[in-house]
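1. model this:
(one chain, ligands or ions: 2)
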Amino acid sequence: MILLSPSILAADFACLGDYMRLADAAGTDMFHVDVMDGMFVPNISFGIPIMESVRKITHTPIDVHLMIVRPERYIREFARVGADIITVHYEACDDINAAAALIHECGCKAGISIKPGTDTSVLEPFLDEYDLFLIMTVEPGFGGQKYMNKCTAKISALRAMLNERGLESYIEVDGGITRDNVDTVLDAGANVIVMGSSVFNGDIRDNVAYFKKYFAEYKGDVV
Ligand code: DX5
Ligand code: ZN
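-> Ligands and ions are numbered 1, 2, ... in the order given. Below is the predicted model of the structure:
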(Lines give C-alpha, C1' and ligand atoms only; values in the text may rest on other atoms or scores of the structure.)
(Ligands and ions follow the chains in the order given, each with its own letter.)
Protein backbone atom coordinates (compact mmCIF):
# COMPACT_ATOMS: atom_id res chain seq x y z
CA MET A 1 0.00 0.00 0.00
CA ILE A 2 1.43 3.39 -0.98
CA LEU A 3 0.15 6.30 1.13
CA LEU A 4 -0.03 10.00 0.28
CA SER A 5 0.73 12.49 3.07
CA PRO A 6 0.34 16.12 1.92
CA SER A 7 2.43 18.59 3.95
CA ILE A 8 0.18 21.43 5.13
CA LEU A 9 3.24 23.65 5.38
CA ALA A 10 2.77 24.28 1.65
CA ALA A 11 -0.86 25.39 2.03
CA ASP A 12 -1.92 29.03 2.28
CA PHE A 13 -2.61 29.18 6.03
CA ALA A 14 -5.39 31.73 5.41
CA CYS A 15 -7.29 28.94 3.62
CA LEU A 16 -5.87 25.92 5.45
CA GLY A 17 -9.21 24.38 6.46
CA ASP A 18 -10.72 24.72 2.99
CA TYR A 19 -7.61 23.30 1.36
CA MET A 20 -7.51 20.32 3.71
CA ARG A 21 -11.20 19.62 2.97
CA LEU A 22 -10.37 19.57 -0.76
CA ALA A 23 -7.55 17.08 -0.14
CA ASP A 24 -9.84 14.99 2.07
CA ALA A 25 -12.57 15.01 -0.58
CA ALA A 26 -10.06 13.63 -3.08
CA GLY A 27 -9.11 10.84 -0.67
CA THR A 28 -5.75 11.73 0.84
CA ASP A 29 -4.45 9.03 3.18
CA MET A 30 -2.91 11.37 5.80
CA PHE A 31 -1.85 14.94 6.46
CA HIS A 32 1.78 15.77 7.23
CA VAL A 33 2.24 18.47 9.88
CA ASP A 34 5.71 20.01 9.86
CA VAL A 35 6.56 21.45 13.29
CA MET A 36 9.68 23.64 13.23
CA ASP A 37 11.27 25.48 16.17
CA GLY A 38 13.85 27.75 14.53
CA MET A 39 16.57 25.87 16.45
CA PHE A 40 16.78 22.36 14.96
CA VAL A 41 15.93 23.91 11.58
CA PRO A 42 16.33 27.57 10.50
CA ASN A 43 12.58 28.16 10.25
CA ILE A 44 9.58 28.45 12.57
CA SER A 45 6.28 26.96 11.35
CA PHE A 46 3.53 26.18 13.85
CA GLY A 47 2.71 24.05 16.88
CA ILE A 48 -0.06 22.88 19.18
CA PRO A 49 -2.70 25.54 18.35
CA ILE A 50 -2.60 24.72 14.63
CA MET A 51 -2.66 21.01 15.40
CA GLU A 52 -5.78 21.50 17.58
CA SER A 53 -7.50 23.40 14.75
CA VAL A 54 -6.72 20.91 12.01
CA ARG A 55 -7.67 17.97 14.21
CA LYS A 56 -11.18 19.42 14.50
CA ILE A 57 -11.77 19.44 10.74
CA THR A 58 -10.58 16.01 9.66
CA HIS A 59 -10.68 12.38 10.76
CA THR A 60 -7.83 11.58 8.36
CA PRO A 61 -4.66 10.38 10.16
CA ILE A 62 -2.24 13.18 11.03
CA ASP A 63 1.46 12.51 10.66
CA VAL A 64 3.40 14.98 12.85
CA HIS A 65 7.01 15.64 11.85
CA LEU A 66 8.84 17.20 14.81
CA MET A 67 11.78 19.22 13.54
CA ILE A 68 12.56 20.53 17.03
CA VAL A 69 15.34 20.10 19.55
CA ARG A 70 14.68 17.58 22.35
CA PRO A 71 11.31 16.50 20.84
CA GLU A 72 10.63 14.22 23.83
CA ARG A 73 9.37 17.36 25.59
CA TYR A 74 6.34 17.62 23.26
CA ILE A 75 5.38 14.01 22.47
CA ARG A 76 2.62 13.87 25.09
CA GLU A 77 1.23 17.24 23.96
CA PHE A 78 0.99 16.31 20.30
CA ALA A 79 -0.56 12.98 21.22
CA ARG A 80 -3.06 14.80 23.45
CA VAL A 81 -4.20 17.05 20.59
CA GLY A 82 -4.69 14.15 18.21
CA ALA A 83 -1.50 13.13 16.38
CA ASP A 84 -1.69 9.61 14.92
CA ILE A 85 2.00 9.32 13.99
CA ILE A 86 4.75 11.27 15.77
CA THR A 87 8.13 11.39 14.07
CA VAL A 88 11.24 12.62 15.85
CA HIS A 89 14.66 13.29 14.39
CA TYR A 90 17.55 10.96 15.17
CA GLU A 91 19.79 14.05 15.32
CA ALA A 92 17.58 15.77 17.90
CA CYS A 93 16.85 13.00 20.43
CA ASP A 94 18.78 12.30 23.63
CA ASP A 95 17.44 8.71 23.86
CA ILE A 96 16.02 7.21 20.64
CA ASN A 97 14.58 4.09 22.30
CA ALA A 98 12.94 6.13 25.05
CA ALA A 99 11.32 8.41 22.45
CA ALA A 100 9.77 5.43 20.66
CA ALA A 101 8.52 3.98 23.95
CA LEU A 102 6.96 7.31 24.96
CA ILE A 103 5.23 7.75 21.56
CA HIS A 104 3.79 4.23 21.83
CA GLU A 105 2.77 4.81 25.45
CA CYS A 106 0.78 7.82 24.17
CA GLY A 107 -1.04 5.56 21.70
CA CYS A 108 0.63 6.84 18.54
CA LYS A 109 2.74 5.20 15.84
CA ALA A 110 6.42 6.10 16.22
CA GLY A 111 8.53 7.51 13.41
CA ILE A 112 12.20 8.40 13.27
CA SER A 113 13.72 10.68 10.64
CA ILE A 114 17.25 11.24 9.37
CA LYS A 115 18.55 14.29 7.57
CA PRO A 116 20.20 13.93 4.14
CA GLY A 117 23.69 13.96 5.68
CA THR A 118 22.95 11.25 8.26
CA ASP A 119 23.79 7.70 7.17
CA THR A 120 21.02 5.09 7.07
CA SER A 121 23.16 2.74 9.18
CA VAL A 122 22.39 4.80 12.33
CA LEU A 123 18.85 3.37 12.17
CA GLU A 124 20.02 -0.26 12.45
CA PRO A 125 19.62 -0.48 16.27
CA PHE A 126 16.06 0.89 16.10
CA LEU A 127 14.46 -1.13 13.29
CA ASP A 128 12.24 -3.01 15.71
CA GLU A 129 11.35 0.02 17.83
CA TYR A 130 9.84 2.29 15.17
CA ASP A 131 6.84 1.87 12.88
CA LEU A 132 7.95 4.45 10.30
CA PHE A 133 11.30 5.65 9.00
CA LEU A 134 11.38 9.10 7.41
CA ILE A 135 14.18 9.67 4.91
CA MET A 136 14.53 13.43 4.34
CA THR A 137 15.08 14.10 0.65
CA VAL A 138 15.79 17.79 1.26
CA GLU A 139 17.50 19.64 4.11
CA PRO A 140 14.66 20.02 6.65
CA GLY A 141 13.26 23.51 7.24
CA PHE A 142 11.50 24.58 4.09
CA GLY A 143 9.03 23.34 1.48
CA GLY A 144 9.50 23.85 -2.24
CA GLN A 145 13.10 22.61 -2.39
CA LYS A 146 14.63 20.32 -5.02
CA TYR A 147 14.84 16.58 -4.41
CA MET A 148 18.37 15.51 -3.42
CA ASN A 149 19.29 12.59 -5.71
CA LYS A 150 21.91 11.28 -3.28
CA CYS A 151 19.06 10.29 -0.92
CA THR A 152 17.66 7.64 -3.29
CA ALA A 153 20.37 5.15 -2.29
CA LYS A 154 19.45 5.70 1.38
CA ILE A 155 15.86 4.64 0.68
CA SER A 156 17.02 1.44 -1.06
CA ALA A 157 19.55 0.69 1.70
CA LEU A 158 16.89 1.08 4.38
CA ARG A 159 14.36 -1.08 2.52
CA ALA A 160 17.07 -3.79 2.22
CA MET A 161 17.79 -3.55 5.97
CA LEU A 162 14.09 -3.92 6.77
CA ASN A 163 13.62 -6.80 4.29
CA GLU A 164 16.57 -8.63 5.87
CA ARG A 165 14.74 -8.48 9.21
CA GLY A 166 11.40 -9.43 7.62
CA LEU A 167 10.01 -6.03 8.64
CA GLU A 168 7.34 -4.34 6.52
CA SER A 169 7.71 -0.94 8.22
CA TYR A 170 6.77 2.27 6.45
CA ILE A 171 9.50 4.20 4.66
CA GLU A 172 8.35 7.79 4.31
CA VAL A 173 10.12 10.26 2.03
CA ASP A 174 9.83 13.97 2.43
CA GLY A 175 10.94 16.90 0.33
CA GLY A 176 10.94 17.81 -3.36
CA ILE A 177 8.77 14.90 -4.51
CA THR A 178 6.97 15.63 -7.78
CA ARG A 179 5.11 13.85 -10.58
CA ASP A 180 8.49 13.59 -12.36
CA ASN A 181 10.48 11.90 -9.60
CA VAL A 182 7.89 9.97 -7.59
CA ASP A 183 8.76 6.76 -9.50
CA THR A 184 12.35 7.06 -8.28
CA VAL A 185 11.36 6.93 -4.61
CA LEU A 186 8.71 4.22 -5.16
CA ASP A 187 11.21 2.03 -7.04
CA ALA A 188 13.67 2.51 -4.15
CA GLY A 189 11.11 1.18 -1.65
CA ALA A 190 9.34 4.21 -0.18
CA ASN A 191 5.64 3.70 0.57
CA VAL A 192 4.59 6.88 2.39
CA ILE A 193 5.04 9.91 0.16
CA VAL A 194 5.03 13.41 1.61
CA MET A 195 4.20 16.16 -0.84
CA GLY A 196 3.75 19.83 -0.07
CA SER A 197 4.13 21.88 -3.25
CA SER A 198 3.04 19.00 -5.51
CA VAL A 199 -0.32 18.88 -3.75
CA PHE A 200 -1.06 22.41 -2.55
CA ASN A 201 0.26 24.30 -5.59
CA GLY A 202 -2.42 24.27 -8.31
CA ASP A 203 -5.61 22.19 -8.22
CA ILE A 204 -5.52 20.36 -4.88
CA ARG A 205 -8.30 17.88 -5.66
CA ASP A 206 -6.75 17.08 -9.03
CA ASN A 207 -3.26 16.68 -7.52
CA VAL A 208 -4.46 14.30 -4.79
CA ALA A 209 -6.58 12.31 -7.24
CA TYR A 210 -3.64 12.07 -9.64
CA PHE A 211 -1.28 10.62 -7.04
CA LYS A 212 -3.90 8.31 -5.52
CA LYS A 213 -4.57 6.85 -8.99
CA TYR A 214 -0.85 6.70 -9.74
CA PHE A 215 -0.13 4.80 -6.53
CA ALA A 216 -3.03 2.39 -7.12
CA GLU A 217 -1.72 1.60 -10.62
CA TYR A 218 1.99 1.47 -9.69
CA LYS A 219 3.38 -1.82 -11.01
CA GLY A 220 6.56 -2.06 -8.92
CA ASP A 221 7.17 -4.00 -5.69
CA VAL A 222 5.19 -2.47 -2.84
CA VAL A 223 5.44 -3.43 0.82
C1 DX5 B 1 10.69 20.17 5.04
C2 DX5 B 1 9.43 19.41 5.41
C3 DX5 B 1 8.72 18.83 4.21
C4 DX5 B 1 8.27 19.88 3.18
C5 DX5 B 1 7.73 19.18 1.95
O6 DX5 B 1 11.47 20.39 6.19
O7 DX5 B 1 9.71 18.36 6.30
O8 DX5 B 1 7.58 18.10 4.68
O9 DX5 B 1 7.27 20.68 3.76
O10 DX5 B 1 7.38 20.17 1.01
P11 DX5 B 1 7.71 19.94 -0.55
O12 DX5 B 1 6.97 18.70 -0.96
O13 DX5 B 1 7.19 21.17 -1.23
O14 DX5 B 1 9.20 19.78 -0.66
ZN1 ZN C 1 8.11 17.02 6.85
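2. Flag every residue of this structure that's near ligand 1.
-> 7, 9-10, 32, 34, 65, 67, 138, 140-145, 174-177, 194-198 (C-beta under 6 Å from any ligand atom). C-betas here are computed from N, CA, C, even on glycine.
3. Could you pick out which of the residues you listed are located in strands?
-> 32, 34, 65, 67, 174, 194-195 (DSSP state E).
4. most neighbours, which of the residues you listed?
-> V194 (30 neighbours; other C-beta atoms under 10 Å).
5. For this protein, what lies in contact range of ligand 2?
-> Taking C-beta under 5 Å from the ion as the contact definition, the chain meets ligand 2 at 34, 65, 174.
6. can I get the residues you listed in TSV with pLDDT and distance to T152?
-> What follows is the residues of the chain next to ligand 2, written out as TSV (pLDDT from 0 to 100; distance: C-beta to C-beta, whole Å):
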residue	pLDDT	distance to T152
D34	98	22
H65	98	20
D174	98	14
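7. got the residue ranges for the strands in this protein?
-> Going by DSSP E, the chain shows strands at 3-6, 31-36, 62-67, 85-89, 109-114, 132-136, 170-174, 192-195.
8. Just want the residue of this structure that's nearest ligand 2.
-> At 3.8 Å from ligand 2, H65 is the closest residue in the chain, using C-beta to the ion.
9. OK, contacts around that residue?
-> 7, 32-35, 87, 111, 113, 134, 174, 194 (C-beta atoms under 8 Å, 6 or more residues apart in numbering).
10. Switch the strands of the chain over to CSV; also include distance to N181.
-> Shown next, in CSV, are the strands of the chain (distance: least, C-beta to C-beta, whole Å):
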stretch, distance to N181
strand 3-6, 15
strand 31-36, 17
strand 62-67, 20
strand 85-89, 22
strand 109-114, 19
strand 132-136, 14
strand 170-174, 10
strand 192-195, 11
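11. Please identify which residue in this protein comes closest to ligand 1.
-> G196 (2.7 Å; C-beta to the nearest ligand atom).
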